[in-house]
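Using only what follows, build the 3D model:
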Amino acid sequence: MSIQKFYYLVKFYLHNLKLFKSKKKDSTNIILIEYFEYFPSLISFSYFANILAKIHNAKIYCYNPRIIPSYKKIINFFNPKKIIFFIIYNSFNIEKLLYPKKISNFKDKTDFIFKKIFKNIKYNEDILKIKIFNVPVGECIYDEYLRLYLKPTINFNDKEFKKHLKDMINLFLFWDNYLKKKKLNL
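I've put the predicted structure just below:
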């Protein structure tokens with residue numbers, strides 16, 4: 001990281017600390033902000049999250065949208081780039097970092113939904129039409145697969161894709177369960 005970039009990050013960090021004085025909220029209201037490693041978006045995230053938190057008397061939680069294995073969380077803990085992002089996020093009153101996890105209790109439900117979805121996939125275009133609980137998620141599943149596996153297209157009969165689809169269903173069930181437990185208003 002260049003000295004100039006570091007200088008501006010420190011300046012931004014100090015600005016946030018001054019502007020967004022940390023006050024632990026007693027509220028059950030939560031603002032969820034996606035953990036996103038792109039410095040320019042952090043400026044708008046910091047303002048947006050704090051304005052929403054003030055309007056709704058809410059805590060600000062940061063979440064990682066993907067399931068990350070425990071060993072990667074440990075590696076991230078020692079990664080200087082990740083540490084800088086965590087420090088910056090912390091500067092605008094993030095109270096908690098949420099990591100979704102694979103939930104074994106959802107295995108039967110995941111398998112049931114997988115079978116129901118997979119029997120309707122005849123062409124790659126059918127992946128784009130996937131809905132879970134009437135929520136369109138096909139485009140996310142398709143794009144995430146291409147990005148994650150660095151593939152130009154999907155072979156839906158491939159074991160890799162089937163595993164990916166099950167993982168995405170489990171991730172959907174995690175967030176569905178989390179949002180229902182927290183009784184969040186969307």
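
How many residues are close by the nearest residue to residue 140 once chain neighbours are set aside?
Computed as CB to CB, 6 or more residues apart in numbering, the closest residue to residue 140 that is not its neighbour in sequence is residue 168, at 7.4 Å. Every C-beta, even on glycine, is put in place using the N, C-alpha and C of the backbone. Neighbourhood size, residue 168 [other CB atoms under 10 Å]: 24.

Can you check the pLDDT for residue 168?
On pLDDT, residue 168 comes in at 93.

where's it relative to residue 47, distance?
31 Å (CB to CB, to the nearest Å).

Determine which residue lies closest to the centroid of the chain.
Central residue of the chain (CA atoms, centre = their mean): residue 65, 1.7 Å from the mean position.

OK, contacts around the closest residue to that residue other than its chain neighbours?
With CB to CB, 6+ apart as the measure, residue 34 is the residue that lies nearest to residue 65, at 5.7 Å, once sequence neighbours are left out. Going by CB atoms under 8 Å, 6 or more residues apart in numbering, residue 34 touches 62-65.

Report the beta-bridge partners for residue 34.
residue 63 (DSSP bridges).
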